[in-house]
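Engineer: Attaching a predicted model along with its sequence, questions to come.
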Amino acid sequence: MKSKATMRNSIPMILLFPLVCFLSSIISIFCEPNTLGVCNEKEKHALLRFKQALSDPANRLSSWSINEDCCRWEAVRCSNVSGRVVELHLGNPYVDSDNTNFMLGGEISPALLELEFLSCLAFNMYDFGGRPIPSFLGSMGSLRYLDLSFAGFGGVVPHQLGNLSTLRHLDLGYNSGLYVENLDWISHLSFLKYLGLEGVDLHREVHWLESMSMIPSLSKLHLFGCRLDRNMASSLDYANFTSLTFLDLSDNNCNQEIPNWLFNSTSLVALDLSNNQFKGQISESFGQLKDLNYLHLTSNSFHGPIPTSIGNLSSMMTLVLGRNPLINGTLPKSLGLLSNLEYLGVYKTSLTGNISEVHFTTLSKLKDLSIPQTSLSFLVNDNWTPPFQLENLDVDSCKMGPKFPTWLVATPISPLICRKTNERSELVVLDISNNALSGELSDCWMHWPSINHINLGSNNLSGEIPDSMGSLAELKALRLQNNSLHGDIHSSLGNCKVMGLINLSDNKFLGIIPKWIVERKSLMIIHLRSNKFMGGIPSQICQLSSLRVLDLANNNLSGTIPKCLNNISDMAAGSNIEGDFDVLEENINYESYMESLILNIKGRDLEYKKILQYVRMIDLSSNNLSESIPVEIFSLSALQSLNLSHNHLTGMISVEIGGMKYLESLDLSKNNLSGEIPQTMANLTFLDDLNLSYNNLSGRIPSSTQIQTFSPLSFFGNVEICGAPLPKNCPRDEEEEETQSPTGVGENKEFPEISWIYIGMGSGFFVGILGVCVTLFFQRAWRHAYFQFVDDIKDWIYVAIAIKMKWLHQKLGR
């Protein structure tokens, strides 16, 4: 009995053993790459024919050799079971590189049709030179993933793609020149989850939305820049997206209210309607989209208040409503319920009213607050402690003063105020300029090591720059302009090794220009005007090869202008007029923070932002500089503005000034310059602002179309200069006038050519009339036709007048 029982127990073990062996072999097959050996020979030769039709300048497909297993080729993936090719990933692996040699091109060979089991095909980041998408791709029935984005395709999208009934992912985005005439075929892709049509022209297809809404599984729909402006109104009356989680309709110039069908798409997680012309009020129906965590409505024409129903969107992480100048009212208190909110952007709107503690009740995850250029005011209790830790704060032109808000004292928002904890902040950009803030800068910047950009300009800050600011090793731009800061500039700032811009203008700083400034080779912009700096301009400044803007005007600087300024290569001959300005721009979330500067050029204060990278200027005006202008400064051929006025400079203007081919503004007024104005100034064809007044210049003003257009005031105060545009003639001109004939044409001294104009007009008229008369005299047929035409005109006029008079007579007779 025992043996029988033992046998019964062993039977399941006997049956289980081969099952375990089978499963082990299956697992090993799936874990090991292609244990069957080489790939299918037919598919190998098909791939080689496909390769022959391509252009491969970087030889990326060098591994595609007849002697190698095609399953081990670059970009080829085979089934671990059958060895058949199932995936081709032929996109450019160097997406962020500017080197186009890594981009494949040429043609797509029909040899791909022999890859019967191919389920994934990616041609993204190609360069097919505007060729159309091959229609035979619609015959590759096993495809589940097709990526043709950024591939340089053009022409009409082939309707044969509708035959790919098992397709889950289709991306045709960012192909310049692709367009669609009819989208009925898209509804046949019933399993499609991802559809990318960014930049594909859909304006010919009126019923695009109806076709797309018939795809029940569609989850992500990208329609950025598809020119939907012409057919949006007729297409948005109906739609039923039951699975849609992501919708991008940005950059389509849509000029209407938000369609109601959007609010029925309750599965939406992300919605981007930015850069359109959507109008009307932002609907309260947005509160129905409970799963929405990303809403981007910037750059539209919405008006009215922000709906209070926004507070229902408990999943919201990113809310961007900026650049809608007609959005008004107050910030709804329901925003304080968005406990997952990380980014809030309501910049460049007409919002007014106060921001209180209620607006931030549960915003513990808030990292980025962007509300510049609004009329919002912070009104919170002194003992309030915010629940968040910001990484970026931009409240430019908001109302936070007159005293610096005490609620910042206890929170990691501003590096101005010391923190109560030892935590380190991740704040990157701090811009609270143009507020009415007052007080001194606290000495605790060491807690803010991630800061790259600081703008505290145009406030009422006082005191000195604290020593701890030198601990900001990542600081790229420091703007403290237009305050009441004073004292020396602390040498600790020399530790900011990557600083590209320093703007301390319009303060009360004194002492000599710090040595570390003129030795910081990363500096592109030095703006120290309107302070009380004294001493000379350090010659080490010539080592700053990347310098583009040097403004030391309106100080007490003395001595000479350094003779080595020609070593500043970004201003000198042969330099790149654009250059690299990325160091002064920061990409934060969905906005780009770009440094700006107010410069006095051509006598006007103008703000330079987007074009700041193109500016090249030197302004040393209103100082006590002496001796001659070094000839080396005229070697800076990329310079656009040079202002040395209101100094004590002497000597002559060098003829080398003619080499400054990009110079637009030149001001050498109110100095003691002497000698003649160089004739080479006639070569300055870009010059449109010139001031040489109040010097001791002499001789003739150079003759050129450019210089003679300037006002006489540009030369006023130089007693011994003459010639146009001044009314004073030079002696040689007076001698020539005396030798001219006192009669005839010569009598018109101011405009001698006018008489010849009249003579030419008269003779031309006489010759024309004579030609007509002679022709009619000798051509009998022409003469009869001409007089017949005159008679017909006379009869027509007579009849027209008679009819009109009769009508008028009847009218008056009534």
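Structural biologist: Received it, and whenever you're ready, just let me know what you need. Quantities reported herein were computed from a predicted structural model and do not represent experimental measurements.

Engineer: Using the three-state scheme, assign residue 613.
Structural biologist: helix (DSSP: H, G, I helix; E, B strand; the rest coil).

Engineer: Go ahead and confirm residue 159 touches residue 185.
Structural biologist: Yes. Using C-beta atoms under 8 Å, residue 159 is in contact with residue 185, at 4.3 Å. (Each C-beta comes from the backbone N, C-alpha and C, glycine too.)

Engineer: got the buried residues for stretch 625-643?
Structural biologist: Neighbour counts over stretch 625-643 (16 or more other C-beta atoms under 10 Å) mark 625, 628-643 as buried.

Engineer: Count the neighbours of residue 438 for me.
Structural biologist: Residue 438 has 15 neighbours, counted by other C-beta atoms under 10 Å.

Engineer: Need phi/psi at it.
Structural biologist: With angles defined as degrees, to the nearest 10, residue 438 sits at phi -130, psi 180.

Engineer: per-residue pLDDT, it?
Structural biologist: Looking at residue 438, its pLDDT reads 78.

Engineer: which one is it nearest to, not counting chain neighbours?
Structural biologist: Counting by C-beta to C-beta, 6 or more residues apart in numbering, residue 438 lies nearest to residue 460, which is 4.2 Å off, once chain neighbours are set aside.

Engineer: low-scoring stretches of the stretch 301-450 of the chain, by residue?
Structural biologist: 382, 401-426 (pLDDT under 70).

Engineer: With adjacent residues omitted, what lies nearest to the most centrally placed residue in the chain?
Structural biologist: Centroid-nearest residue in the chain: residue 610, 7.6 Å away (criterion: C-alpha atoms, centre = their mean). Nearest non-adjacent residue to residue 610, counting by C-beta to C-beta, 6+ apart: residue 594, 6.9 Å away.

Engineer: Identify the bridge partners of the one you found.
Structural biologist: Beta bridges link residue 594 to residue 585, judged by DSSP bridges.

Engineer: residue contacts, it?
Structural biologist: 584-586, 609-610, 612 (C-beta atoms under 8 Å, 6 or more residues apart in numbering).

Engineer: Give me the spatial nearest neighbour of residue 446, chain neighbours excluded.
Structural biologist: Excluding the flanking residues, the one nearest residue 446 by C-beta to C-beta, 6+ apart is residue 471, at 4.4 Å.

Engineer: Closest one to residue 64 out of the contacts of residue 594, please.
Structural biologist: residue 585 (41.5 Å; C-beta to C-beta).

Engineer: how far away is that closest one from residue 250?
Structural biologist: When distance is defined by C-beta to C-beta, to the nearest Å, residue 585 is 22 Å away from residue 250.

Engineer: hang on, the earlier thing: among the buried residues of stretch 625-643, which are in strands?
Structural biologist: Judged by DSSP state E, the buried residues of stretch 625-643 include 625, 628, 641-643 as members of strands.

Engineer: can you confirm the residue nearest to the centre of the chain is in a helix?
Structural biologist: No. According to three-state DSSP, residue 610 belongs to no helix; its state is coil.

Engineer: Quick check, pLDDT for it.
Structural biologist: pLDDT at residue 610 comes out at 81.

Engineer: switch to numbering from 37
Structural biologist: Yep, numbering from 37; the last one is residue 646 now.

Engineer: Need phi/psi at it.
Structural biologist: Dihedral angles (degrees, to the nearest 10) for residue 646: phi -70, psi -30.

Engineer: sorry, back to before: the residue nearest to residue 482: neighbour count?
Structural biologist: So residue 507, with other C-beta under 10 Å, has 17 neighbours.

Engineer: got the contact list for it?
Structural biologist: Residue 507 neighbours (C-beta under 8 Å, 6+ apart): 481-482, 485, 528, 531.

Engineer: While we're on it, how confident is the model there?
Structural biologist: For residue 507, pLDDT reads 89.

Engineer: ditto for residue 842
Structural biologist: 68.

Engineer: now swap in residue 794 and tell me
Structural biologist: Looking at residue 794, its pLDDT is 61.

Engineer: And stretch 347-359, what's buried?
Structural biologist: 347-349, 352-359.

Engineer: Tell me the one among the contacts of residue 630 nearest to residue 103.
Structural biologist: residue 621 (50.3 Å).

Engineer: List the contacts of the closest one.
Structural biologist: Taking C-beta under 8 Å, 6+ apart as the test, what residue 621 contacts is 628-631.

Engineer: what's the answer for residue 330, then?
Structural biologist: Contacts of residue 330 (C-beta under 8 Å, 6+ apart): 305-308, 352-354.

Engineer: now those as JSON lines including distance to residue 695?
Structural biologist: Below are those laid out as JSON lines (distance: C-beta to C-beta, whole Å):
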{"residue": "305", "distance to residue 695": "60"}
{"residue": "306", "distance to residue 695": "56"}
{"residue": "307", "distance to residue 695": "57"}
{"residue": "308", "distance to residue 695": "51"}
{"residue": "352", "distance to residue 695": "59"}
{"residue": "353", "distance to residue 695": "56"}
{"residue": "354", "distance to residue 695": "52"}
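
Engineer: Turn those into CSV, columns for secondary structure and distance to residue 335.
Structural biologist: Output for the contacts of residue 330, formatted as CSV (DSSP: H, G, I helix; E, B strand; the rest coil; distance: C-beta to C-beta, whole Å):
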residue, secondary structure, distance to residue 335
305, coil, 22
306, strand, 17
307, strand, 15
308, strand, 11
352, coil, 20
353, coil, 20
354, strand, 15
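
Engineer: related to what we said a few turns ago, could you dump the buried residues of stretch 347-359 to JSON lines with secondary structure and distance to residue 95?
Structural biologist: Shown next, in JSON lines, are the buried residues of stretch 347-359 (three-state DSSP; distance: C-beta to C-beta, whole Å):
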{"residue": "347", "secondary structure": "helix", "distance to residue 95": "58"}
{"residue": "348", "secondary structure": "helix", "distance to residue 95": "57"}
{"residue": "349", "secondary structure": "coil", "distance to residue 95": "52"}
{"residue": "352", "secondary structure": "coil", "distance to residue 95": "49"}
{"residue": "353", "secondary structure": "coil", "distance to residue 95": "44"}
{"residue": "354", "secondary structure": "strand", "distance to residue 95": "43"}
{"residue": "355", "secondary structure": "strand", "distance to residue 95": "48"}
{"residue": "356", "secondary structure": "strand", "distance to residue 95": "44"}
{"residue": "357", "secondary structure": "coil", "distance to residue 95": "50"}
{"residue": "358", "secondary structure": "coil", "distance to residue 95": "47"}
{"residue": "359", "secondary structure": "coil", "distance to residue 95": "47"}
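
Engineer: Spatially, which two of the residues you listed are the most separated?
Structural biologist: 348 and 359 (24.5 Å).

Engineer: and residue 128, how many residues sit next to it?
Structural biologist: Counted with other C-beta under 10 Å, residue 128 comes out at 22.

Engineer: ugh, typo on my part, it should be residue 482
Structural biologist: By other C-beta under 10 Å, neighbour count at residue 482 equals 16.

Engineer: Same check on the one 3 residues further on?
Structural biologist: For residue 485, the neighbour count with other C-beta under 10 Å is 16.

Engineer: same check, this time on the one 4 residues further on
Structural biologist: Residue 489 has 25 neighbours, counted by other C-beta under 10 Å.

Engineer: Residue 531 versus that one, what's the distance?
Structural biologist: Residue 489 is 17 Å from residue 531, by C-beta to C-beta.

Engineer: Could you do residue 166 as well?
Structural biologist: For residue 166, the distance to residue 531 - C-beta to C-beta - is 53 Å.
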